[in-house]
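> missing the sequence, but the structure's below:
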């Protein structure tokens, strides 16, 4: 009797594991759990919900023996929304257009220098330390918001999924380092901290900048948007010249 | 909400098409972003209709990164072999980028203020 029940259970599991619904449902629930942990930790930057969700889901796939391709069959419905979400970034950018025109030179200079230094130094360092061509191509766009970074990586011969993980790491590292690295800037010129976090640590940095006030948060969102547009235009061109 | 989503999708589609036809290296969704921004410049009232959907989508932006991020399981071997290069390049470049960007922004803002 018990053997019958367990074989039925096994059959049910095989059926569930084959269905795309499993990957989709797991992703949403694990993410909701990660957000709850992040809130409970007092929004501690080390408890970043994206990093937490990826770790838990990777371990789950490993434990349940589900290949990534089968997981992605379901999760792709969430992944697909990155495109329309990128287009939707036009709204906050449009809402801040007056600030953009008023302080344009400072924001533009900060974004261009920050992105160039972050991208250039990562590129040179990784190559110098002996990373493969594919790894360098996946690492180069890591300061840009994920959907755009993945598209750039695909274009210059990197691995979009590796880029996605590296982008998240960069955001978390930037959000953790900024408070002590930019201590003197936080006191004297909080706007510059916003620009730095948005252009180097994208959305995760923007969330951190918001904690210093809505002004540095707005600068960060703006910097993130400009860096996304500028990097997607310039990085593939520069890559073609030097790589 | 459906109309807003349809607008976002249409901008993305046009962006992707434009990028492909013109042979630009810019990702289609970014061209779509610029297109929507230009549309709002001409028709500012449309922003109110788009806002709830856009902010709803952007409010859960982090969730959308998860499926691609889980793809890291395919690269465990590469990450193990090149851990030092990747880790060091990532941390050092992020620190340098933050400092360079904050310093530049503060410098230009101060010069701007002195001029005014």
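That came through fine. It should be emphasised that the depicted structure is a prediction, and the values quoted were computed from it without experimental measurement.
> if I pick residue 71, what's in contact with it?
I went with chain A, as the question did not name one. A:22-23, A:26, A:57, A:61, B:67, B:70 (C-beta atoms under 8 Å, 6 or more residues apart in numbering or on different chains). In short, each C-beta sits where N, CA and C put it, glycine included.
> sorry, should have said chain B
Residue B:71 touches A:68, A:72, A:160-162, A:164-165, counting by C-beta under 8 Å, 6+ apart.
> For stretch A:210-229, which outside residues touch it?
A:43, A:86, A:89, A:92-93, A:96, A:99-100, A:107-108, A:110-111, A:114-115, A:143-145, A:148, A:186, A:190-191, A:193-199, A:202-203, A:205-206, A:209, B:26, B:30, B:33-34, B:101.
> May I see the buried residues of it?
By neighbour count with 16 or more other C-beta atoms under 10 Å in any protein chain shown, stretch A:210-229 contains the buried residues A:210, A:212, A:216-229.
> Likewise for stretch B:7-21?
Those would be B:7-8, B:10-12, B:14-16, B:18-19, for stretch B:7-21 by 16+ other C-beta under 10 Å.
> so which of those also contact chain A?
B:8, B:11-12, B:15 (C-beta under 8 Å from any C-beta of the partner chain).
> tell me which element residue B:109 falls in.
Using DSSP states H and E, residue B:109 maps to helix B:83-115.
> what mean pLDDT does that helix have?
What helix B:83-115 shows for mean pLDDT is 92.
> Okay, buried residues for that helix please.
B:85-86, B:88-91, B:93-109.
> overlap between the residues you listed and the residues near chain A?
Counting by C-beta under 8 Å from any C-beta, B:85-86, B:88-91, B:93-106, B:108-109 from the buried residues of helix B:83-115 sit close to chain A.
> Stretch A:119-132 near chain B anywhere?
Yes: with C-beta under 8 Å from any C-beta as the measure, stretch A:119-132 is seen reaching chain B through A:119-123, A:125-126, A:129-132.
> need the contact list for residue A:67.
residue A:61.
> Distance check, it against residue A:61.
8 Å (C-beta to C-beta, to the nearest Å).
> Overlap in contacts, the two.
Counting by C-beta under 8 Å, 6+ apart, nothing touches both residue A:67 and residue A:61.
> tell me the mean pLDDT for stretch A:144-163?
pLDDT averaged over stretch A:144-163 gives 89.
> Quick check: buried residues in it?
Buried residues in stretch A:144-163 (16+ other C-beta under 10 Å): A:144-156, A:158-163.
> any idea how far that stretch is from the chain center?
How far stretch A:144-163 lies from its chain's middle: 10 Å, per C-alpha atoms, centre = their mean, to the nearest Å.
> Ends of stretch A:204-216, what's the gap?
14 Å (C-alpha to C-alpha, to the nearest Å).
> Which members of the buried residues of stretch A:144-163 additionally contact chain B?
When contact is defined as C-beta under 8 Å from any C-beta, these meet chain B at A:146-148, A:150-152, A:155, A:159-162.
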